[in-house]
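Asker: test case, fold it:
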Amino acid sequence: MNPDFRDRSPSTPSTHSGGIPDAHFDFIVCGAGASGSVVAGRLAENPDVQVLLIEAGGDDDHPHIQQPSDWHLNLGSERDWNFSGAANPHVNDRQIPLNMGRALGGGSSVNVMLWARGHKNDWEDFAMEAGDPAWNYASVLEIYRRVEDYRGTPDSARRGIGGPVHVAPARDAQPIAGAMISAAEKLGIPRFDNPNGAMMEGRGGAALNDLIVKDGRRNSIYRAYVHPRRHQPNLTVLTDTLVSRLVFQGKQCIGVEVLRNGESMRFCAHSEVVLSLGAVNTPKVLMQSGVGPEDELRRHGIPLVQHLPGVGANHQDHVSFAVIFEYASPQAVGYGGSEATLYWSSQSALRLPDMFHCQVEFPVPSAENATLGVPAHGWTMFAGLAHPQSRGRITLSGPKVTDAPIIQANTLSHPEDLRSAIENIRFVQELGAQASFKGLVKGESLPGKLDARGLENYARNAAVTYWHQSCTAKMGRDSMSVVDGGLKVYGLEGLRIADASIMPHVTSGNTMAPCVVIGERAVESIRASHGI
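Answerer: Residues are numbered from 1 along each chain as shown. As a prediction, this is how the structure comes out:
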């Protein structure tokens, strides 16, 4: 063990007036989302290591977080960053809402609770980009087995038991979920027992979702990793505390500045700072701290610490388009209202699924399409693109922490994405017309029968996010890479990034489970570096 930690005796953090903890820690983790919670919780397993976890949002003990069916009530609330994309001509100048969790647990406290581990070749791609086999599928599979406490059909080769993350198949799924899977089978798409085993090692398939719901309540990644340790003397968790700037001494990151109760404060890290603020706020804080594209920093008068042109670039997100069907009679809504998913490769030669379709048990039109005749009782199949080719960017509106980031998502800017959107909408229309829905569904409501021009306009107005923003500080070895395979920021010491921003490309499916892997990989690298 590194003597810096061995010789440091654990003690309850002392406080200043007003209940502020001591300013010195071994590790400072910025952001209590899916990755940050993993990093803080795992590091705090060692009683000789003093850990500070900083979260801009509040506590997660709120009924809309804990009750699975209430997840949508968090959107637009104080538990949401309430981001929106910049006006985009490719989606009829719309500003698409880009919600992101702002509370202990981050996205895992406000999302639809889906546990989707990504495709085998997502991880092979990550390993290739990083030049590090620790990211390949075999290595990541070991991590997943370590972290899961899976309550579905046993699969010792792929699923784990006894880990911190409670994962279980959707319980007592509603009839519409089973009907969708049966309809997919009629179109030649195989049914699988779960979406996180063999299904994501090949072309894809359809299955009931795996969810992080335990005893009828959301069990976020914060609840899995940090909450059980919240009374440990070596772990300090600060809520309602906004990270404003990284503090550097030369090229060494030595701490952070924060805003807490209107007061500016500084915390020092003896070993490392880990940024886990998400694909919007991580590049924002980096740039406002002097790390990023030199031209962007100069434009705002920010002194340069390290020129990294990839900071804020390569923004990716899953985009989807609602196809809405009317029920023959009102139906109940299951946990979170999303109980089945379909991934498929439209061509057998594809390395990764290009179709990512989520079933939702109520009508969900975009604001622009809400006036087109939405049924009072119905269900939605989101025709999603698993790997859109459009790329966006995060830029700054100013140098201060209160200056909002500019999210240029550029949704549908690549012509191939619009073509794929229309193909996927037509596929879902065919899916919804299958006999499997007989007696349950009256018929399609939106978009209905449209000519090519009308369907293109519908798609531009229907485009929404799956809330999987990623890739804005990517891992790799080229000139646009921000972190290496150990998630250390190039050109700097004492600074790592662990969140969805490090993805070279967005994973196939929901990003929460991959973010847990990212957190676990960060901890493996930190422990190796510091001998802890």
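Asker: show me what contacts residue 37?
Answerer: 53, 104, 105, 106, 108, 220, 221, 222, 224, 225, 226, 519 (C-beta atoms under 8 Å, 6 or more residues apart in numbering). Quick note: C-beta positions are derived from backbone N, CA and C, even for glycine.
Asker: what strand or helix carries residue 273?
Answerer: Remark: residue 273 resides in strand 263-275, with elements defined by DSSP states H and E.
Asker: may I see the buried residues of that strand?
Answerer: For strand 263-275, burial by neighbour count (16 or more other C-beta atoms under 10 Å) applies to 265, 267, 269, 270, 271, 272, 273, 274, 275.
Asker: touching, the second one and residue 258? I think so.
Answerer: So the one you mean is residue 267. Yes. Here residue 267 reaches residue 258: they are 6.8 Å apart, a contact under C-beta atoms under 8 Å.
Asker: low pLDDT regions in this structure?
Answerer: When residues are selected by pLDDT under 70, those of the chain lie in 1-22.
Asker: can you pull out the helices in it?
Answerer: 3-6, 34-43, 63-66, 120-130, 137-147, 175-186, 221-225, 278-288, 294-299, 415-432, 452-462, 512-530 (DSSP state H).
Asker: counting contacts, what elements does the longest one pack onto?
Answerer: I take that to be helix 512-530. In terms of contacts (3 or more C-beta pairs under 8 Å, 6 or more residues apart in numbering; DSSP states H and E), helix 512-530 is packed against helix 34-43, helix 137-147, helix 221-225, strand 263-275, strand 495-497.
Asker: circling back to that earlier point, most neighbours, which of the contacts of residue 37?
Answerer: Counting neighbours by other C-beta atoms under 10 Å, residue 106 leads these with 33 neighbours.
Asker: if I look at that residue, how far off is residue 471?
Answerer: Here the distance between residue 106 and residue 471 works out to 17 Å (C-beta to C-beta, to the nearest Å).
Asker: same check on residue 202?
Answerer: Using C-beta to C-beta, one gets 25 Å for the distance from residue 202 to residue 471.
Asker: which of those two has more neighbours?
Answerer: In terms of neighbours (other C-beta under 10 Å), residue 471 is the more surrounded of residue 202 and residue 471; the figures are 23 against 15.
Asker: thinking again about what came up before, what's the overlap in contacts for residue 267 and residue 258?
Answerer: When contacts are counted by C-beta under 8 Å, 6+ apart, residue 267 and residue 258 have residue 54 as shared neighbours.
Asker: mean neighbour count, the helices of the chain: which tops it?
Answerer: For the helices of the chain, average neighbour numbers computed from mean count of other C-beta atoms under 10 Å are highest in helix 34-43, which has a mean of 31.
Asker: just the angle for that helix relative to helix 512-530, thanks.
Answerer: 40 degrees (axes from the mean of the first three to the mean of the last three C-alpha atoms, to 10 degrees).
Asker: centre of the chain to helix 34-43, how far?
Answerer: A distance of 15 Å separates the centroid of the chain from that of helix 34-43, by C-alpha atoms, centre = their mean, to the nearest Å.
Asker: what ranges do the strands span in the stretch 251-400 of the chain?
Answerer: With DSSP state E, counting those that start in this stretch as the definition, the stretch 251-400 of the chain shows strands at residue ranges 252-260, 263-275, 291-292, 306-307, 319-327, 340-344, 355-360, 378-385, 393-396.
Asker: relative to residue 82, which of those is closest?
Answerer: Taking C-beta to C-beta as the measure, the strands of the stretch 251-400 of the chain were each checked against residue 82, and strand 393-396 came out nearest at 15.8 Å.
Asker: what strands flank the closest one, and is each parallel or antiparallel?
Answerer: Each strand that strand 393-396 pairs with, and the sense of that pairing, follows from DSSP bridges: strand 405-408 (antiparallel).
Asker: centre of the chain to the partner strand, how far?
Answerer: 17 Å.
Asker: and what of stretch 320-328?
Answerer: Per C-alpha atoms, centre = their mean, the centroid offset for stretch 320-328 relative to its chain is 25 Å.
Asker: okay, buried residues for that stretch please.
Answerer: In terms of neighbour count (16+ other C-beta under 10 Å), stretch 320-328 has its buried residues at 320, 321, 322, 323, 324, 325, 326, 327.
Asker: quick one: the strands in the stretch 101-250 of the chain, in order.
Answerer: With DSSP E, counting those that start in this stretch as the criterion, the stretch 101-250 of the chain has strands spanning 148-150, 165-169, 204-208, 210-211, 213-214, 217-218, 235-238, 241-249.
Asker: could I get those as a markdown table with mean neighbour count and distance to residue 316?
Answerer: Conversion of the strands of the stretch 101-250 of the chain to a markdown table gives the following (neighbours: other C-beta atoms under 10 Å; distance: least, C-beta to C-beta, whole Å):
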| stretch | mean neighbour count | distance to residue 316 |
| --- | --- | --- |
| strand 148-150 | 23 | 26 |
| strand 165-169 | 22 | 25 |
| strand 204-208 | 25 | 19 |
| strand 210-211 | 26 | 23 |
| strand 213-214 | 18 | 28 |
| strand 217-218 | 20 | 26 |
| strand 235-238 | 21 | 30 |
| strand 241-249 | 20 | 23 |
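Asker: quick one: closest of these to residue 531.
Answerer: Distances from residue 531 to each of the strands of the stretch 101-250 of the chain were compared using C-beta to C-beta; the shortest belongs to strand 235-238, at 20.1 Å.
Asker: just the C-alpha atoms of the closest one, please, in CSV.
Answerer: Listed in CSV are the C-alpha atoms of strand 235-238, where the atom choice follows Å, rounded to 0.1, in the frame of the first residue of the first chain:
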residue,chain,number,x,y,z
LEU,A,235,-16.6,9.3,3.2
THR,A,236,-18.0,12.8,3.0
VAL,A,237,-21.0,13.5,0.7
LEU,A,238,-21.9,17.1,-0.1
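Asker: tell me which other helices or strands it touches.
Answerer: strand 51-54.
Asker: can you list the strands of the stretch 101-250 of the chain in JSON lines and add distance to residue 113?
Answerer: As requested, the strands of the stretch 101-250 of the chain are arranged in JSON lines below (distance: least, C-beta to C-beta, whole Å):
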{"stretch": "strand 148-150", "distance to residue 113": "15"}
{"stretch": "strand 165-169", "distance to residue 113": "10"}
{"stretch": "strand 204-208", "distance to residue 113": "13"}
{"stretch": "strand 210-211", "distance to residue 113": "5"}
{"stretch": "strand 213-214", "distance to residue 113": "6"}
{"stretch": "strand 217-218", "distance to residue 113": "6"}
{"stretch": "strand 235-238", "distance to residue 113": "22"}
{"stretch": "strand 241-249", "distance to residue 113": "26"}
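Asker: what's the closest non-adjacent residue to the most centrally placed residue in the chain?
Answerer: Central residue of the chain (C-alpha atoms, centre = their mean): residue 511, 4.0 Å from the mean position. Nearest non-adjacent residue to residue 511, counting by C-beta to C-beta, 6 or more residues apart in numbering: residue 468, 4.6 Å away.
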